[in-house]
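Novice: Structure for the following, please:
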Amino acid sequence: MSIFDKTRYIRTLFILLPLGLAFFYWGIKGLNRSIEHLPYTEGIVEKHKKRLMYFESCECDVETFLIYVKGIKSPFVTSIKKYREILDSVVIVGDSIEIWTEDFKNENQIEQVKLNGQLIIPYDKTTDLYIGLSVIGVGLIILCIFYIIKSPEDLFGKKKA
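Specialist: Residues are numbered from 1 along each chain as shown. I've put the predicted structure just below:
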């Protein structure tokens, strides 16, 4: 019996089962996420522009749309083409703006925008992704538990009778 076969039970118990639990947790957490949990900023548009911006996550330059709000040093950015086009056509210096951003990075990535009280870019929660993560997590948990219960003899690498 190879080392791969001998460690199957341990890998299932300590790697696959926790991975299934993590997928399920991230899926449920994402489904429960709402716009109220995101950082919120409001103010007056000081200036806006398009430019190439370097992102470490992809190690590349991406065309972005930047919005500078009075009293806030760092700009709010979006690199999503559809959002760039919408914002470029409607944002005017001096407008009242409300911006919700991502909560897990300090790059001020735009999630939702209201301009003069009108919703311009709605919040997209990507529910399909979170439902998929939850389903994969539950499936992995069920398979792992079934294997752990039905094949305890694999813990010591014994041959099945």
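
Novice: Name the surrounding residues that touch the longest helix anywhere in the chain.
Specialist: Assignment by DSSP state H gives helix 127-150 as the longest helix of the chain. For helix 127-150, contacts defined as Cβ atoms under 8 Å, 6 or more residues apart in numbering pick out 9, 12-13, 16-17, 19-28, 30-31. For every residue, glycine as well, the C-beta is placed using N, CA and C.

Novice: can you rerun that using 6 Å?
Specialist: Outside helix 127-150, the residues within contact range by Cβ atoms under 6 Å, 6 or more residues apart in numbering are T12, L16, L17, G20, F23, F24, W26, G27, G30, L31.

Novice: Mind listing the strands the longest strand seen in the chain pairs with, and their directions?
Specialist: Secondary structure of the chain per DSSP state E: the longest strand is strand 40-55. Here strand 40-55 is paired, per DSSP bridges, with strand 60-69 (antiparallel), strand 96-101 (antiparallel).

Novice: Highest mean neighbour count out of the ones you listed?
Specialist: strand 96-101 (a mean of 19; mean count of other Cβ atoms under 10 Å).
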